[in-house]
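Colleague: model this:
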Amino acid sequence: MKLEETITLENLKEKDFRNKINGSYAYDESALTHYLHNLGNGIADHYRPGALSAIRRYMEFKTGEEINASSTEKILRGLTHHQIEVPFPAPENPAFTFIDLFAGIGGFRMALQNLGGKCVFTSEWDKYSQLTYETNFGERPFGDITERATKDYIPDGFNVLCAGFPCQAFSIAGKRGGFEDTRGTLFFDVAEIIADKRPEAIFLENVKGLRNHDKGKTLATILNTLRDDLGYFVPEPKILNAKHFGVPQNRERIFIVGFANEADYERFAYPEGEKNIQPAIEDILEEQEVSVKYYLSNTYLDTLKKHRARHEGKGNGFGFEVIPNDGTANAVVCGGMGRERNLVEDHRISDYKPVTKIKGEVNREGIRKMTPREWARLQGFPDAFQIPVSDVQAYKQFGNSVAVPAIQATALQISRAIGVNHE
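Modeller: Below you'll find the predicted structure:
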């Protein structure tokens, strides 16, 4: 059997090959997975050249010979029938389409796919987040959205642009605080894509502090850009709390929504959530005993207690916190005290022998960190969501992610506003 007849999508994920490719090569791999996920909807042709390039590069890597166009075409035709088995496949008959910028591990995608939406472009620069995203959705995200080569892969004609863009410091230099004043920030790249593609709706998410950043000038710049420079109809942004949407996490984030058409704007209303219902952290805890590695050492626990006492003596509230089973977790964040502010008391431990290097012994108070799976649940990710990375990366990824239920509730209102029928 010829080599070309044995090629599958998994071949192109070989470690040796991935270690060899870089730069524009990586775009080819992303284009291939995007091509396969968009067969039959007209967008696949947009990714076809990159898909063929990915196959050609792999074949040349394996054979050391130059590969002709007919061979790559034959392999691509074979891959069109390759079943991409992933935990969360895209809907076969989508109700609308969207793109996922600053995608992280796919919180936006999870939410909008649950509503029948199909993602037609994804961008995320972090390689570990790319791995988690591809593992769960079957597509390898394109890289840095600030690069022209990445933007050139964005197709036309999608309905909704989603972006949980990072809030870089803005320099408010101009008089209007509009489009030109966003240059040098990641929001400018989002605005540039909106201006070029003109989606029916935009859905942006950011930290609560964006509202008051630089005395409100940063948010004013963003809104002026969307409303005045880009001509979108944008209701006043709203801060939503994840705990009002079914997860026991006190996570407030600002949501910014906009519409190309005024009629859609008038039909939209932010969701309110269930403010009279208090989700409990016991609902998301592991069902079985967890590894001793998640339990704090008595030395470290004593250090945390002393640290908190010092701050309390100064009138500060900073320090670790053990969340009661009927309580609500603090916002999970990336790094710092993120895990120590969300400790739990769990006495289901049968072996106190450390499996990692610690100072002292494992504490006997049952105090442990939450597991990555518990953080996933705090963000509303289902248990079928796979975590293919280390704990360190997993905490970072879930801390940086969006709360899926809050995103989904808002996306439902957006999709209804632009005419999607969910009945």
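
Colleague: OK, contacts around the closest residue in space to Asp144 that isn't next to it in sequence?
Modeller: Among residues not flanking Asp144 along the chain, Trp125 sits closest, at 4.6 Å (CB to CB, 6 or more residues apart in numbering). No exception for glycine: its C-beta is placed from N, CA and C like everyone else's. Taking CB atoms under 8 Å, 6 or more residues apart in numbering, we find Trp125 in contact with Gly143, Asp144, Ile145.

Colleague: restricted to helices, list the residues you listed.
Modeller: Per DSSP state H, helices hold no members of the contacts of Trp125.

Colleague: if we can go back for a sec, pretty sure the residue nearest to Asp144 is in a helix, no?
Modeller: No - using DSSP: H, G, I helix; E, B strand; the rest coil, the secondary structure at Trp125 is coil, not a helix.

Colleague: still on that earlier bit, present the contacts of Trp125 as JSON lines; the columns should include neighbour count.
Modeller: Putting the contacts of Trp125 into JSON lines (neighbours: other CB atoms under 10 Å) gives the following:
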{"residue": "Gly143", "neighbour count": "19"}
{"residue": "Asp144", "neighbour count": "12"}
{"residue": "Ile145", "neighbour count": "22"}
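
Colleague: run a quick neighbour tally on Phe88.
Modeller: Each residue near Phe88 was counted by other CB atoms under 10 Å, and the total is 18.

Colleague: in the stretch 151-300 of the chain, which spans are helices?
Modeller: All helices of the stretch 151-300 of the chain, identified by DSSP state H, counting those that start in this stretch, fall at 186-197, 217-224, 262-267, 298-313.

Colleague: could you double-check that His246 sits in contact with Pro405?
Modeller: His isn't right for residue 246; it's Gly. Yes - the pair Gly246 / Pro405 is scored as a contact, 5.0 Å apart, by CB atoms under 8 Å.

Colleague: please identify which of these two sits among more neighbours.
Modeller: Pro405 (24 against 18).

Colleague: what's the helix or strand hosting the more buried one in contact with?
Modeller: Assigned by DSSP states H and E, Pro405 belongs to helix 404-417. The contact list for helix 404-417 (CB under 8 Å, 6+ apart) reads 95-96, 107-108, 110-112, 114-115, 117, 160, 162, 201, 203, 205, 240-242, 244-247, 251, 253, 255, 257, 259, 264-265, 267-271, 273, 379-381, 422.

Colleague: mark which of those residues are buried, thanks.
Modeller: 95-96, 107-108, 110-112, 114-115, 117, 160, 162, 201, 203, 205, 240-242, 244-247, 251, 253, 255, 257, 259, 264-265, 268, 270-271, 273, 379-381 (16 or more other CB atoms under 10 Å).

Colleague: which of those residues fall in strands?
Modeller: Those of the buried ones among the contacts of helix 404-417 mapping onto strands are 96, 117, 160, 162, 201, 203, 205, 240-241, 253, 255, 257, 259, per DSSP state E.

Colleague: ok so, going back, now the helix holding Pro405: buried residues?
Modeller: 404-412, 414-417.

Colleague: for those, give me a markdown table that also has distance to Glu361.
Modeller: As requested, the buried residues of helix 404-417 are exported to a markdown table (distance: CB to CB, whole Å):
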| residue | distance to Glu361 |
| --- | --- |
| Val404 | 38 |
| Pro405 | 39 |
| Ala406 | 41 |
| Ile407 | 42 |
| Gln408 | 44 |
| Ala409 | 45 |
| Thr410 | 47 |
| Ala411 | 48 |
| Leu412 | 50 |
| Ile414 | 52 |
| Ser415 | 54 |
| Arg416 | 56 |
| Ala417 | 57 |
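
Colleague: tell me which of the helices of the stretch 151-300 of the chain lies nearest to Glu134.
Modeller: helix 186-197 (22.1 Å; CB to CB).

Colleague: flag every buried residue along that closest one.
Modeller: Those would be Leu186, Phe187, Phe188, Asp189, Val190, Ala191, Glu192, Ile193, Ile194, Lys197, for helix 186-197 by 16+ other CB under 10 Å.

Colleague: what do you get for stretch 93-107?
Modeller: So for stretch 93-107, counting by 16+ other CB under 10 Å, buried means 94-107.

Colleague: keeping just the C-alphas, turn that stretch into CSV.
Modeller: Presented in CSV, the C-alpha positions along stretch 93-107 are these (Å, rounded to 0.1, in the frame of the first residue of the first chain):
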residue,chain,number,x,y,z
ASN,A,93,-27.3,21.8,10.5
PRO,A,94,-26.2,25.0,12.2
ALA,A,95,-28.7,27.8,13.0
PHE,A,96,-26.0,30.5,12.7
THR,A,97,-22.2,30.9,12.4
PHE,A,98,-19.6,32.7,14.5
ILE,A,99,-15.9,33.2,14.9
ASP,A,100,-14.0,32.7,18.1
LEU,A,101,-11.2,35.2,18.8
PHE,A,102,-8.8,35.0,21.8
ALA,A,103,-10.5,31.6,22.1
GLY,A,104,-8.7,30.2,25.1
ILE,A,105,-10.0,26.7,25.6
GLY,A,106,-13.3,27.3,23.9
GLY,A,107,-15.8,28.7,26.5
